[in-house]
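1. Kindly return the folded structure for what I paste below:
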Amino acid sequence: MASLLVKILGAMTPPPFVQPTVYDGWEVKWKFLVFRPGLFQNQAYLLVGLLAYVVIAIYGKYVNSKRANSWYNAHLTLLQDQFSSPTSASGLIADGYTDFFNFSTGRRAIASLHTVFSLRPRQDPLQLIYHFGWQMYDLRYNPYDELILDFKLDAEMAASIPDYVWAVLAKDEFASIKDKRWDLTFTRTADHASLPASLSVMTEWADVTDNLFKATPALSLTKVLSDPINLKYFKSISVTDQPRERPAVPLTPAEREKHVILCLAVPPADKAAETIPLVSAMFTFIDGLTKMNLRPETRSKMKKVREDVDKEIREEAVKEKKEEAAEDKKAARRKAELERVSRLSAAEQKKIIERDRKRALKRSQGKVVRKS
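-> Residues are numbered from 1 along each chain as shown. All right, here's what the predicted structure looks like:
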């Protein structure tokens with residue numbers, strides 16, 4: 001093993017520099033100093049690579065910042081019209097070179113709006129190469145600049161609409177959406193005649209879809225989602241009363257929230273305003289949620305589903321707690337036994353070790369006999 005490691009390190013170690021006896025290339029002399037560029041070809045390649053990396057990183061950082069800020073500036077007027085506090089004092093907040101955030105609050109029916117940009121790592125060429133390679137391996141993998149607008153409904157609005165999970169999403173999102181969104185596991189997927197072929201509905205019951213498509217006479221959601229410009233950037237829209245990650249214990253009524261979540265691909269900086277009509281339509285859509293009139297049997301079925309899920313989560317939490325208690329008890333017994341043995345004489349410790357070894361050998365032999 002040691003000889004193999006020496007061989008690997010030897011292969012990685014560059015050969016020692018040998019000063020050529022004759023040098024006929026270009027050189028620079030100043031007093032007793034002599035610089036011969038021809039002797040530093042490898043270093044020149046490394047320097048060029050480093051400079052290229054720095055240039056790509058700076059340009060990628062600039063592109064990401066420009067995309068996020070262009071969208072933010074294009075939609076700022078809309079946010080100002082809808083919210084009394086459309087943004088923080090510092091405006092759009094950057095967290096690194098790929099993540100940007102904005103928080104808006106102060107509107108009827110909407111407690112807050114979180115706007116979250118998750119852009120591609122253009123500032124890191126190595127990550128871009130990795131994404132490209134993975135995309136060649138998995139054709140379903142399609143990284144893009146993601147924009148999520150998370151509308152949290154206020155308590156009054158949330159209390160006035162039924163509990164349900166519903167979504168419309170682009171079909172190319174199927175491969176990953178349920179891995180990222182536990183709440184969407186409540187739904188079933190189906191096509192809808194009034195939507196483009198590239199979109200599908202995820203709903204608990206058809207009654208929910210019919211009501212949502214008809215809830216706001218002033219807004220035709222199917223027409224908005226069928227617009228070719230909106231389709232270029234649309235990824236999903238969802239209305240949910242469940243958390244996006246599975247909770248460890250059932251949520252109390254005070255912890256439950258209802259959200260309308262719009263997911264888009266971030267448009268190029270010069271086309272940032274193209275998503276204004278789609279984002280504007282979301283406010284009309286949210287205001288119309290109170291006009292839903294679900295059938296009593298639909299409500300009772302969805303209530304039963306939530307009761308069953310809460311029961312399952314509660315049982316799993318109790319089971320996990322029991323397992324943890326058993327592990328803690330076992331560890332405590334083992335610790336106590338080790339402390340007892342450590343206080344014995346060396347001869348007695350040797351006897352105990354030998355006894356445990358024989359027991360382990362006997363158990364392993366018994367397993368082999370049973371398998372055969």
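2. Now Ser280: closest residue in space, sequence neighbours ignored.
-> Leu78 (5.8 Å; C-beta to C-beta, 6 or more residues apart in numbering). Quick note: C-beta positions are derived from backbone N, CA and C, even for glycine.
3. Which residues are in contact with the one you found?
-> Counting by C-beta atoms under 8 Å, 6 or more residues apart in numbering, Leu78 makes contact with 276, 279-280.
4. For Leu153, what are phi and psi?
-> Torsion angles at Leu153 (phi, psi; degrees, to the nearest 10) stand at phi -80, psi 150.
5. what pLDDT, on average, does the lengthiest helix in the chain get?
-> Secondary structure of the chain per DSSP state H: the longest helix is helix 296-342. Averaging pLDDT along helix 296-342 yields 89.
6. I'd like to know how many residues surround Phe35.
-> Using other C-beta atoms under 10 Å, Phe35 is surrounded by 11 other residues.
7. how far away is the nearest residue to it once chain neighbours are set aside from Val34?
-> Excluding the flanking residues, the one nearest Phe35 by C-beta to C-beta, 6+ apart is Val28, at 4.4 Å. For Val28, the distance to Val34 equals 7 Å [C-beta to C-beta, to the nearest Å].
8. what sits against the residue positioned nearest the centre of the chain?
-> For the chain, the residue nearest the mean C-alpha position is Lys180 (6.4 Å; C-alpha atoms, centre = their mean). Taking C-beta under 8 Å, 6+ apart as the contact definition, Lys180 lies against Arg244.
9. doesn't Gln135 make contact with Met128?
-> Residue 128: Leu, not Met. No - Leu128 lies out of contact with Gln135 (C-beta atoms under 8 Å); the separation is 10.5 Å.
10. Those two: which has the busier surroundings?
-> Leu128 (16 against 13).
11. Just the element for that one, please.
-> Applying DSSP states H and E as the criterion places Leu128 in helix 125-137.
12. other SSEs contacting that helix?
-> Packing contacts for helix 125-137, counted by 3 or more C-beta pairs under 8 Å, 6 or more residues apart in numbering; DSSP states H and E, involve helix 41-82.
13. Could I get the average pLDDT for the helix it packs on?
-> On average, helix 41-82 scores 93.
14. State the next helix or strand along the chain beyond that helix.
-> Downstream of helix 41-82, the first helix or strand assigned by DSSP H and E is strand 93-95.
15. Does that next one pack against any helices or strands, and if so which?
-> strand 99-104.
16. What are the contacting residues of stretch 293-300?
-> 162, 164, 205, 207-208, 211.
17. one step back: now the helix holding Leu128, how far from the chain's geometric center?
-> Computed by C-alpha atoms, centre = their mean, to the nearest Å, the chain-centroid distance of helix 125-137 equals 18 Å.
18. got a list of what Ala265 touches?
-> Applying C-beta under 8 Å, 6+ apart, the residues near Ala265 are 144-147, 232-235.
19. Would you mark the buried spots in stretch 202-220?
-> Residues of stretch 202-220 classed as buried by neighbour count (16 or more other C-beta atoms under 10 Å): 202-205, 207-209, 211-213, 215-216, 219.
20. ugh, typo on my part, it should be stretch 66-75
-> 67-72, 74-75.
21. One more: stretch 274-293?
-> Neighbour count says stretch 274-293 has 274-275, 278-283, 285-289, 292 buried, by 16+ other C-beta under 10 Å.
22. before we move on, what about stretch 127-139?
-> Neighbour-count burial for stretch 127-139, counted by 16+ other C-beta under 10 Å, picks out 128, 131.
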